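Asks: I'd like to go over a predicted model; first the sequence, then the structure.
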Amino acid sequence: MRHWKSRLTAFVIGFGIGLVLFLIVSFLAGLLRSRLQTATRQEPLGQQGCGAADSFSSPEEILAALKDEDVSVRREVFRRLFLHPGLTTTYYDYERDRDYPERAERAELKYVNLDDHSGDEAWLTFIRRENPVALILKKEECGWRLVGALGAWLRFEDYPYQGWLEMPETLKRGTHEIILRESTGDATRYARNARLLKLMDGALVQVAEFTEESIKPVEGYAEADWSDVKQRDTTRLIFLPESNGERARLRLETQEEVIKYSGSPAAYTYWLETDGAWHAARKQWRTRDATRLRLLGTRTRELVWDDQRKRFIEER
């Protein structure tokens, strides 16, 4: 009997201690939860959901890091930017840039308005490993966020790729879109295509695509100078932004001709900041002097802006 009473006494004491500990822990948890809720309510709205890796204090910060002498600084900014350009034709060697990204060549920073919201976006262009890159950044509550990283597949252009990227006003005065040019070619053919991109809802969207220039052998021509005689089609772009209630239009004026090349491509030199030396190269064969042999004809296409589809379409 005495043994049973000692067990009951021990159980009561243990239960009491456990209950007291439970009440203490519950009280502390409630107090902590209350303080966390108060801190959350007092936190500014612009700071919620902000991550250091998602935004930058300024575009100038990125520009300085891309050109920094310290490879660890460059590696960190490349890691945060994660430069995967969104275009399937763009070559991007992330493995190399992750380990030893080279300093940016010909880095330039501009501010332009790319959407219907107030405030300019940042346009940062540079060349890495003799390939062009453009970063489009938009200022948000948390800082400057990367909304697009563009590169072009320029297999048949001359370094340093002048005119591969332009920002014309195509829809409204004061608001710019982006023309991205890419080119391919070999010893006998050449083609340069252009994509028109627009910043909408914080993302770059393609709204038109067309061929600006193509050069190819003349079909059925077999004379001795066949390698110098080509058919060349060139297209001139005319943007007509909306005005007086009229929708924006894109006019494509194409000229087809047979030409004959002569002479040799010109030589040129360029400076590389990464190795601090001058380099010599020859321009592409399509830049040789050319004489028109015959005008084949001209044609005009006109595209109109469709506000529902959010792109330029053929007018009916």
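Replies: Received the coordinates, thanks. Residues are numbered from 1 along each chain as shown.

Asks: make it CA atoms for all contacts and neighbour counts henceforth
Replies: OK.

Asks: Run through the bridge partners of residue 216.
Replies: residue 231 (DSSP bridges).

Asks: Rounded mean pLDDT for stretch 127-142, please.
Replies: Regarding stretch 127-142, the rounded mean pLDDT is 85.

Asks: Now that stretch - C-alpha only, PDB.
Replies: Taking Å, rounded to 0.1, in the frame of the first residue of the first chain, the C-alpha atoms of stretch 127-142 are listed here in PDB:
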ATOM      1  CA  ILE A 127      30.900  42.900 -75.000                       C
ATOM      2  CA  ARG A 128      32.100  39.800 -73.400                       C
ATOM      3  CA  ARG A 129      34.500  37.400 -75.200                       C
ATOM      4  CA  GLU A 130      33.800  39.300 -78.400                       C
ATOM      5  CA  ASN A 131      30.000  38.700 -78.000                       C
ATOM      6  CA  PRO A 132      27.600  41.500 -77.400                       C
ATOM      7  CA  VAL A 133      25.200  41.600 -74.400                       C
ATOM      8  CA  ALA A 134      22.500  44.000 -73.300                       C
ATOM      9  CA  LEU A 135      21.000  44.200 -69.800                       C
ATOM     10  CA  ILE A 136      17.600  45.900 -69.400                       C
ATOM     11  CA  LEU A 137      16.800  46.900 -65.800                       C
ATOM     12  CA  LYS A 138      13.700  48.400 -64.300                       C
ATOM     13  CA  LYS A 139      13.400  50.300 -61.000                       C
ATOM     14  CA  GLU A 140      11.000  48.800 -58.500                       C
ATOM     15  CA  GLU A 141      10.300  49.100 -54.800                       C
ATOM     16  CA  CYS A 142      13.200  46.800 -53.900                       C
END
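
Asks: how far out from the middle of the chain is stretch 114-129?
Replies: Centroid separation for stretch 114-129 versus its chain: 9 Å, with CA atoms, centre = their mean, to the nearest Å.

Asks: Could you measure from residue 297 over to residue 286?
Replies: Distance of residue 297 to residue 286, computed by CA to CA, to the nearest Å: 21 Å.

Asks: Compare those two (neighbour count), which wins?
Replies: residue 286 (20 against 10; other CA atoms under 10 Å).

Asks: Doesn't that one belong to a helix?
Replies: Yes. Residue 286: assigned to a helix according to DSSP: H, G, I helix; E, B strand; the rest coil.
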